[in-house]
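Undergrad: only geometry, no sequence info:
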């Protein structure tokens, strides 16, 4: 995908996309699984409004001759969002822009940039090349399988599947970080994400605050339950200046052996 950056935007150091200081960002996500039709079933004006989101504009358009849906949304007092989804029967892409600037000209420039996006689905992109982390030595059984936006999924032997609900897996993501956010707060956010996805936490086994490869870190192990199945959840957060890595290791079998395999990756993570 190619986009002409609005004035003042630069390639982000913490997301796949662009950012302008601390007031605006444009994030790009290839939606893994499904296609344009299946991935936009709930991308409707009524769905946003049912969730209490104020819709300033909503329309179906074309982006580089692909079908697209465009939504301009109002967040809190300062935030405005422009969400764009486009694709065909073989793929879909979501572009999300957020701005807290009071400069309405900036929002117009963001909109213009999104509407002029070009996309060539024949170009094969090395997903890991866009990541903001690297693994010094991955001798675990978990290998890279696929990615979506800032989330990189590792499965046993790198097998690509629609979902890994009942299989051990690893998810790694990089996030922006600021001085007001702590490792503990990031871990709590990760836990909330699990709870929102149907997990219930039964027991905290261990929590270690220290350093991994020189980065401030926190490692936490939980016994959890999801869809009636007991699982081990291993969470790690690493912080390096204005970036952070979140690491999920989840398994419903061979808890101790898979924990060893998870740590073979997490303990070899480095920021690029």
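TA: It's in. The model shown is predicted, which means the values in this text are computed figures rather than measured ones. Residues are numbered from 1 along each chain as shown.

Undergrad: report the longest strand in the chain, please.
TA: In the chain, assigned by DSSP state E, the strand with the most residues is strand 199-212.

Undergrad: From residue 176, how far out is the closest residue to residue 6 other than its chain neighbours?
TA: Counting by C-beta to C-beta, 6 or more residues apart in numbering, the nearest residue to residue 6 once its immediate chain neighbours are dropped is residue 109, at 3.9 Å. All C-beta atoms are positioned from the backbone trio N, CA, C, and that covers glycine. Using C-beta to C-beta, to the nearest Å, we find residue 109 at a distance of 22 Å from residue 176.

Undergrad: Equivalent analysis for residue 57, please.
TA: Here residue 57 is placed at a distance of 27 Å from residue 176 (C-beta to C-beta).

Undergrad: all helices of the stretch 51-200 of the chain, in order?
TA: In the stretch 51-200 of the chain, the helices defined using DSSP state H, counting those that start in this stretch lie at 104-115, 183-196.

Undergrad: hmm, back to that, neighbour-wise, which of residue 57 and residue 176 wins?
TA: Shown here are residue 57 and residue 176; by other C-beta atoms under 10 Å, residue 176 has more neighbours (16 against 11).

Undergrad: Show me the shaky parts of the stretch 101-250 of the chain.
TA: For the stretch 101-250 of the chain, the stretches with pLDDT under 70 are 149.

Undergrad: Next up, the contacts around the residue lying closest to residue 143 once chain neighbours are set aside.
TA: Once flanking residues are discounted, residue 143 sits nearest to residue 158: 3.4 Å by C-beta to C-beta, 6+ apart. Going by C-beta atoms under 8 Å, 6 or more residues apart in numbering, residue 158 touches 143-145.

Undergrad: Repeat that for residue 168.
TA: Per C-beta under 8 Å, 6+ apart, neighbours of residue 168: 142, 155-156, 249-254, 258, 261.

Undergrad: Try it again at 10 Å.
TA: Applying C-beta atoms under 10 Å, 6 or more residues apart in numbering to residue 168 gives the contacts 141-142, 154-156, 231-232, 249-255, 257-259, 261-262.

Undergrad: re earlier: can you report how many residues lie near the residue nearest to residue 6?
TA: Per other C-beta under 10 Å, the neighbour tally for residue 109 reads 20.

Undergrad: how near is it to residue 81?
TA: Distance, residue 109 to residue 81, using C-beta to C-beta: 15 Å.
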